[in-house]
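In: quick one: sequence plus predicted model below, questions after.
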Amino acid sequence: MMITSYADSALSLLPPVVAILLAVLTRRVLLSLGLGIITGVFLLGDFSVSAAASNLLTTVKGLVWDDGALNSWNLQILGFLVVLGMITALITVSGSARAFADWAHLRIRNKRDAKLMTIFLGMVVFIDDYFNSIVVGSIARPITDRYHISRAKLAYLLDSTAAPICVISPVSSWGAYIIALIGGILTAHGFADTGHLSVFLQMIPMNFYAIFALLLLVCVALFGLDIGPMRQHERNAQKGELFDETKGLPPGATADLPEAETGKIIGLFLPILVLVAATFYFMVASGADALSANDLPFSILGAFENTEVSSSLFYGSLVGLAVTLVLALQQKIALPMVFTGIKLGAKSMLPAIYILLFAWTISTVIGNLETGKYMASLATGNIPFAMLPAVLFLLAGLTAFATGTSWGTFGIMLPIAADMAMGSDSTMMLPMLAAVLSGAVFGDHCSPISDTTILSSTGASCHHIDHVMTQLPYALIVAVISIIGYGVLGFTASVAMGLITCSVLFVLSVIGLKLITK
């Protein structure tokens, strides 16, 4: 198969630009992603129809069959989504979701408490961003619906806790991946004796975007800082319009589900608790098996560094489904109602699965075009060293936005940031690595083709582009604060000065938002 490289060409940006612009302008995500994919395969095939068709076929085939075997990562993630849809629908059918909403209504007194509860849950369920978005969405949705909080606001609450918490938590799939990457980078540059976990912990206060995205989220919940498109969505929610019904049901939503009158709160909490515990167990167990196979001693952190995330999510969801079924049968829910819940729950995830498949396809095409390498090359010019943390934040953000992947951006940009630091001032290595992590999360939050963004929309049952457009103003505010903070850090070589600058700008921003939202 003929593939033309575009690592040195701005043309590598064309497919993501086409997909993202069309998605925003037309609000038709699949069509936009499809046109972006077609643009990409034609570029890869040097505008040969046969080469483009061959490349597209190979890429699509790779979604399910890769290197002579089933693509277990993709298939298990899709299976996880389908099973989570079934669990959510069965919880609704059993009446447990309504029972929880009634129970919480007596204890959660207003909209602010409902939003704070969602944020708290998002911070507690931190083992994986996919898991966070879907599970916390399932728990919080009955409460946020009861208090007329828009699905777009719920999606923002989910997305802005998921990645920011995961990227600063060492005991998470993100933390493990980052620690493994950083460990390799430090070893390559002669720092083999440096504790990789301690380095990760040192970088947490340097991750300006994650810290202030979480703080802004709390302020939005406390003070009702609804700006841009979010304000209209919240106004519509007050009228009972939680999402735009003219666009049809959003991903994760189910229509005409029967509900039993005998639902109990345990029917919601026990399946979710078992789901969390089982997923955690499988993550640790799969990591322990990998450590044992390589004759390495067991540790929780080591297990997370070597865990199989997709299989753990899938097997954990199967255990959760089994518990949900047992509880439904114990409650003597009629079998036709159970089967209806299973069928409609699985069906409710199809829109998210379609979007995710298209997003994975365009991500593969963009990877073949080497768009990330082109973005990274922009940082290798004659840029003043003091500006590098801010420039790396911006480039990592643009790379994640264009490619739709934080992890891919980490893999591309972190080694480049380390090389730049070693070539100029090794004491700035950690701030520059942190700027990459921070920027990648920012780009992920803004990108319509990011899988995390897609699954946050799904967890909230929110139309995807509605979530992207309502979250964007908040992400941009924190990004501007972070860029200035990294600029100050670069010129002063002081993390404390960067944090103080960000803190002052953050307070001023919140005051300004408070004034304009009165």
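Out: Noted; the coordinates are in hand.

In: from now on I want contacts and neighbour counts done on CA atoms only, so please keep to that.
Out: OK.

In: low-confidence stretches in the stretch 1-150 of the chain?
Out: Where the stretch 1-150 of the chain drops to pLDDT under 70, the residues are 1-3.

In: can you show me the strands along this protein?
Out: Assigned by DSSP state E, the chain shows strands spanning 65-66, 69-70.

In: so of the ones you listed, which one's packed in deepest?
Out: strand 65-66 (a mean of 14; mean count of other C-alpha atoms under 10 Å).

In: turn the strands of the chain into JSON lines, columns for distance to residue 322.
Out: Formatted as JSON lines, the strands of the chain follow (distance: least, C-alpha to C-alpha, whole Å):
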{"stretch": "strand 65-66", "distance to residue 322": "28"}
{"stretch": "strand 69-70", "distance to residue 322": "25"}
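
In: and those strands: which comes nearest residue 429?
Out: Proximity to residue 429 (C-alpha to C-alpha) singles out strand 65-66 among the strands of the chain, at 36.2 Å.

In: circling back to that earlier point, any idea which of the strands of the chain gets closest to residue 472?
Out: Closest among the strands of the chain, using C-alpha to C-alpha: strand 65-66, at 34.8 Å.

In: Provide the strand pairings for that closest one, with the direction of each partner.
Out: The pairing partners recorded for strand 65-66 under DSSP bridges are strand 69-70 (antiparallel).

In: ok, and what's touching the strand it pairs with?
Out: residue 64 (C-alpha atoms under 8 Å, 6 or more residues apart in numbering).

In: returning to what we had before: quick one: closest of the strands of the chain to residue 354.
Out: strand 65-66 (17.3 Å).

In: residue 500: which of the strands of the chain is closest?
Out: strand 65-66 (48.2 Å).

In: which residues are in contact with that closest one?
Out: residue 71.

In: just how off-centre is it within its chain?
Out: 24 Å (C-alpha atoms, centre = their mean, to the nearest Å).

In: what count of nearby residues applies to the closest residue to residue 84 other than its chain neighbours?
Out: Once flanking residues are discounted, residue 84 sits nearest to residue 317: 6.5 Å by C-alpha to C-alpha, 6 or more residues apart in numbering. Per other C-alpha atoms under 10 Å, the neighbour tally for residue 317 reads 28.

In: quick one, what contacts residue 317?
Out: With C-alpha under 8 Å, 6+ apart, residue 317 has these contacts: 80, 83-84, 275, 278-279.

In: give me the subset of those that lies in helices.
Out: Mapping the contacts of residue 317 onto helices (DSSP state H) picks out 80, 83-84, 275, 278-279.

In: give me the buried entries from those.
Out: For those, a burial check counting by 16 or more other C-alpha atoms under 10 Å picks out 80, 83-84, 275, 278-279.

In: can you put the ones in helices among the contacts of residue 317 in a markdown table and add distance to residue 398?
Out: Listed next are the ones in helices among the contacts of residue 317 as a markdown table, based on distance: C-alpha to C-alpha, whole Å:
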| residue | distance to residue 398 |
| --- | --- |
| 80 | 29 |
| 83 | 34 |
| 84 | 32 |
| 275 | 35 |
| 278 | 36 |
| 279 | 32 |
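
In: closest to residue 234 out of those residues?
Out: residue 84 (27.1 Å).

In: what about that closest one, distance to residue 354?
Out: 16 Å (C-alpha to C-alpha, to the nearest Å).

In: ends of stretch 375-395, what's the gap?
Out: Start-to-end, stretch 375-395 (C-alpha to C-alpha) is 7 Å.

In: give me the low-pLDDT residue ranges for the stretch 251-400 of the chain?
Out: 252-256, 379-382.

In: just the helices in it please.
Out: Using DSSP state H, counting those that start in this stretch, the helices assigned to the stretch 251-400 of the chain run over residues 266-293, 300-305, 309-330, 335-348, 350-369, 371-377, 388-403.

In: can you add distance to residue 250 and give those back as TSV?
Out: Putting those into TSV (distance: least, C-alpha to C-alpha, whole Å) gives the following:
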stretch	distance to residue 250
helix 266-293	22
helix 300-305	33
helix 309-330	22
helix 335-348	8
helix 350-369	8
helix 371-377	31
helix 388-403	23
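
In: and of the buried ones among the ones in helices among the contacts of residue 317, the nearest to residue 177?
Out: residue 279 (17.2 Å).

In: check the gap between the residue nearest to residue 84 and residue 271 for me.
Out: For residue 317, the distance to residue 271 - C-alpha to C-alpha - is 9 Å.

In: quick check, central residue of the chain?
Out: Centrality entry for the chain: nearest residue to the mean C-alpha point is residue 452, 2.6 Å, by C-alpha atoms, centre = their mean.

In: report the contact partners of it.
Out: 129-130, 133, 159, 163, 444-445.

In: ditto for residue 140
Out: Applying C-alpha under 8 Å, 6+ apart, the residues near residue 140 are 114, 117-118.

In: for the residue lying farthest from the centre of the chain, grab phi and psi.
Out: The C-alpha centroid of the chain is most remote from residue 332, which lies 37.4 Å away (C-alpha atoms, centre = their mean). The phi/psi pair for residue 332 (degrees, to the nearest 10) reads phi 60, psi 40.

In: separation between it and residue 102?
Out: For residue 332, the distance to residue 102 - C-alpha to C-alpha - is 21 Å.

In: and residue 515, how many residues sit next to it?
Out: So residue 515, with other C-alpha under 10 Å, has 10 neighbours.

In: how far away is it from residue 480?
Out: For residue 515, the distance to residue 480 - C-alpha to C-alpha - is 19 Å.

In: equivalent analysis for residue 28, please.
Out: 29 Å.

In: and residue 105, by the same measure?
Out: Counting by C-alpha to C-alpha, the gap from residue 105 to residue 480 is 38 Å.

In: how about residue 67?
Out: For residue 67 relative to residue 480 (C-alpha to C-alpha), the value is 42 Å.

In: again with residue 359
Out: From residue 359 to residue 480 the distance is 27 Å (C-alpha to C-alpha).

In: so between those two, which is more surrounded?
Out: In this view residue 359 and residue 480 are compared by other C-alpha under 10 Å, and residue 359 has more residues nearby, 27 against 16.

In: ok, and the closest non-adjacent residue to that one?
Out: residue 449 (5.5 Å).

In: next up, the contacts around that neighbour.
Out: Contacts of residue 449 (C-alpha under 8 Å, 6+ apart): 20, 33, 359, 401, 403-404.

In: and these, which two are furthest apart?
Out: Across the contacts of residue 449, the longest distance by C-alpha to C-alpha is 13.9 Å; it joins 33 and 401.

In: pull the contacting residues for the nearest residue to residue 240 once chain neighbours are set aside.
Out: In this structure, residue 240 finds its nearest non-sequential neighbour in residue 148, 6.4 Å apart by C-alpha to C-alpha, 6+ apart. By C-alpha under 8 Å, 6+ apart, the contact set of residue 148 is 111, 234, 237-240, 242.
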